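Novice: Sharing a model that was predicted from the sequence below.
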Amino acid sequence: MTIAQAFYGTFVHAPTTKQLVFLKNTVLVLDRHGKIVSITPDQSLEQAQAAFRALENSKTTVLNDNQFFVPGYIDTHIHAPQYAYCGIGHDMPLLKWLNTLTFPQEAMFQDHHYARQVYTKAVARSLRNGTTAACWFATIHLEATKELVKAIQEQGQRAYIGKVNMNQNSPDILIETTAASIADTRAFIEYVQAVNRTMDPDSTSVSPPLIQPIITPRFALSCTSDLMIQLGKLSEEFKIPIQSHLCENLEEIDLTLSQFPNSTTYTGVYADHGLLKERTIMAHCVHMKDEEFKLMKDAGASISHCAGSNFNIKSGMADVRKMLDLDIKVGLGTDVAGGYSPSILDAIRTSRICSIARNPTQSLLIPELFYLATLGGAKVMGLGETIGSFEVGKDFDAVLVNTAVKNSPLDSFGRDTVQTKFEKYLFVGDDRNHERIFIQGREARLPE
Ligand SMILES: O=c1[nH]c(=O)c2nc[nH]c2[nH]1
């Protein structure tokens, strides 16, 4: 085995919802594929230096007392085209927001040069905020969605990327025929597969490819039964995941149930059309009946909790405590641009406030929040064995945090322990505290 890199310092992770673990004075070694081959805590600097000397020709890094590594954040729900108008339109509820702001903006992505411009910046912003893996929605446009693949590949993020499907209840300019929607989705899947064949065959043989396609019916309202059934079949044929929106807003739920009278619940609509599977990620799930949670649980499907968006466009407050008690997989999503912030640190903070506002006696605790942002998100993506925590055999997707950066919003004082610095970072820090960002052991390649 060829050793490529080694680090010495503190590594913080949440291997379960109940545990926040500080691996201090730890030597962590990576092979040339960016996989963790050893983790040895409680070493003196001399022991670490001796270990480094034995690892000939490898890059070595010694962290100082203000630095620590966290697992890269996982954004389980983000819309790349919506980055163009991130921060505006929050005075409208979901359906008005879609019709007056979002749909006209997304129509502009028929121009793939414009798409390239927006996507390059959206991906860079996401990465700078420490998101090493994300589930991206693009638009219905095939060529523009390929531009998102290129931007992500160039910058090195791990990603699921979806060409959106819409064949009803949308402006004419955003409506596809069923045949075109399926043909373009198939073409997109094949495009990503071809891109992956050009990657280092050695590294893709030891880990799943960094970029994967994801089936993306926008939501039940924008897809006919026929389209949803065919998309479910595509997911089976290629064994790829599915993402959509579920039970976000009360008006949306009423309309969906009137549109699909043969299904008894909104979740049932997806189940009845073959879209509720173990590989399915549903964003929001704010207004769920018990039977809907049961459908999700029985299918093994996952939830992306997007508290910032749910506050901004006034959708409501999801019951994450209940999701965790039911042992449903949950992760955090920024939902740019329903959410104005592309930062999962911000999602941690809004999720905490959301849980307190729902029930202060059952609010989410720091280990739970950090777990949701990292390993919880990895499990939502079906990558719980690959990323999300520091374990031998996992890929090194990680953020090097520095709590003593000039001009960062975070101040540390003489007596601050690493636990204190971590907690301050979680609630006061931002991307200025992110010194280096690694995906599969390689540093992200952010544009100037
Ligand atoms: O928050 C949301 N953002 C969207 O773009 C969207 N489309 C359907 N439902 C949605 N919800």
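Specialist: Received, thanks. Numbers count the residues shown, from 1 in each chain.

Novice: can we go C-alpha only for contacts and neighbour counts from here?
Specialist: OK.

Novice: residues of the helix or strand hosting Tyr425 that come out buried?
Specialist: Element membership of Tyr425 [criterion: DSSP states H and E] is helix 418-428. Buried positions in helix 418-428, judged by neighbour count with 16 or more other CA atoms under 10 Å: 418, 421-422, 424-426, 428.

Novice: Same list, those residues, but as a markdown table with distance to Cys86 please.
Specialist: Shown next, in a markdown table, are the buried residues of helix 418-428 (distance: CA to CA, whole Å):
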| residue | distance to Cys86 |
| --- | --- |
| Val418 | 34 |
| Lys421 | 30 |
| Phe422 | 28 |
| Lys424 | 26 |
| Tyr425 | 24 |
| Leu426 | 22 |
| Val428 | 21 |
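
Novice: the strands in the stretch 151-300 of the chain, which residues?
Specialist: 158-162, 164-165, 211-213, 216-217, 242-246, 280-284 (DSSP state E, counting those that start in this stretch).

Novice: could the ones you listed be laid out in a markdown table, adding mean neighbour count and mean pLDDT?
Specialist: Formatted as a markdown table, these follow (neighbours: other CA atoms under 10 Å; pLDDT from 0 to 100):
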| stretch | mean neighbour count | mean pLDDT |
| --- | --- | --- |
| strand 158-162 | 26 | 99 |
| strand 164-165 | 27 | 99 |
| strand 211-213 | 22 | 98 |
| strand 216-217 | 28 | 99 |
| strand 242-246 | 25 | 99 |
| strand 280-284 | 27 | 99 |
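
Novice: Compare those strands and report which one is nearest to the ligand.
Specialist: Judged by CA to the nearest ligand atom, the one of the strands of the stretch 151-300 of the chain that comes nearest to the ligand is strand 242-246, at 5.4 Å.

Novice: what residue ranges in this structure score low on pLDDT?
Specialist: The model of the chain has pLDDT under 70 over residues 1, 3, 200-205.

Novice: For it, which residues are neighbours of the ligand?
Specialist: Within the chain, the positions adjacent to the ligand are 218-219, 245, 338 by CA under 6 Å from any ligand atom.

Novice: List the contacts of Asp184.
Specialist: Going by CA atoms under 8 Å, 6 or more residues apart in numbering, Asp184 touches Leu142.

Novice: Which of the residues of the chain next to the ligand fall in helices?
Specialist: If you go by DSSP state H, the residues of the chain next to the ligand have nothing in helices.

Novice: Now list the buried members of those residues.
Specialist: Counted by 16+ other CA under 10 Å, the residues of the chain next to the ligand give 218-219, 245, 338 as buried.

Novice: Can you tell me the centre-most residue of the protein?
Specialist: What sits nearest the mean C-alpha location of the chain, by CA atoms, centre = their mean, is Asp75, with 2.0 Å.

Novice: just checking, that residue touches Ala133?
Specialist: Yes. Between Asp75 and Ala133 there is a contact at 6.4 Å, judged by CA atoms under 8 Å.

Novice: For Leu400, which non-adjacent residue is closest in space?
Specialist: Phe69 (4.6 Å; CA to CA, 6 or more residues apart in numbering).

Novice: how many other residues sit next to Asp290?
Specialist: As a burial measure, Asp290 scores 10 neighbours (other CA atoms under 10 Å).

Novice: related to what we said a few turns ago, CSV for the strands of the stretch 151-300 of the chain, including distance to Ile175?
Specialist: Converted to CSV, the strands of the stretch 151-300 of the chain look like this (distance: least, CA to CA, whole Å):
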stretch, distance to Ile175
strand 158-162, 16
strand 164-165, 9
strand 211-213, 21
strand 216-217, 12
strand 242-246, 17
strand 280-284, 22
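
Novice: Centre of the chain to stretch 407-424, how far?
Specialist: In terms of CA atoms, centre = their mean, to the nearest Å, the centre of stretch 407-424 is set 27 Å apart from its chain centre.

Novice: again, but for stretch 282-298
Specialist: 20 Å.

Novice: For the stretch 251-400 of the chain, which residue gets nearest to the ligand?
Specialist: For the stretch 251-400 of the chain, CA to the nearest ligand atom, closest residue to the ligand: Gly338, 5.1 Å.

Novice: quick one, the longest helix seen in the chain and strand 158-162 angle?
Specialist: Longest helix of the chain, by residue count under DSSP H: helix 178-197. Per axes from the mean of the first three to the mean of the last three CA atoms, to 10 degrees, the angle that helix 178-197 makes with strand 158-162 is 160 degrees.
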